[in-house]
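**Student:** Below are the sequence and a predicted model; questions follow.
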Amino acid sequence: MDRLYCVYIMTNKRNGVIYTGVTNDLKKRIYQHREKVAEGFTKKYNIVKLVYYEVFEDPFTAIEREKQIKAGSRQKKIDLINGMNAEWRDLYDEL
């Protein structure tokens, strides 16, 4: 089975902080963020809600897309989220 790579956006409960990341195991990575497994930005700002993701077959494409999203404005990130998940529901349980 081919490995898939995901670019994802998470936020806190109040949708005030936005975090963008890339992984080859989305469910596991989101679980790690939610459970505060590692020190860092997501633990400090209580990033717990998956609100957006894209799936890629190629890791280089996924990494380039992550860089593109991170380089964009906050409004561009909000527009991406609204386009996929206008209610900003936590998508974790749907994975």
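**Tutor:** Arrived safely, thanks for sending.
**Student:** only C-alpha atoms for contact and neighbour calcs from this point on.
**Tutor:** OK.
**Student:** For this structure, which residues score under the pLDDT cut-off?
**Tutor:** 1 (pLDDT under 70).
**Student:** show me where it has helices.
**Tutor:** 26-34, 41-44, 59-71, 74-84 (DSSP state H).
**Student:** Output those in CSV; the columns should cover distance to residue 90.
**Tutor:** Below are those laid out as CSV (distance: least, Cα to Cα, whole Å):
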stretch, distance to residue 90
helix 26-34, 11
helix 41-44, 15
helix 59-71, 19
helix 74-84, 11
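**Student:** Format those helices as JSON lines; extra columns: mean neighbour count and distance to residue 51.
**Tutor:** Putting the helices of the chain into JSON lines (neighbours: other Cα atoms under 10 Å; distance: least, Cα to Cα, whole Å) gives the following:
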{"stretch": "helix 26-34", "mean neighbour count": "17", "distance to residue 51": "11"}
{"stretch": "helix 41-44", "mean neighbour count": "14", "distance to residue 51": "14"}
{"stretch": "helix 59-71", "mean neighbour count": "16", "distance to residue 51": "14"}
{"stretch": "helix 74-84", "mean neighbour count": "15", "distance to residue 51": "6"}
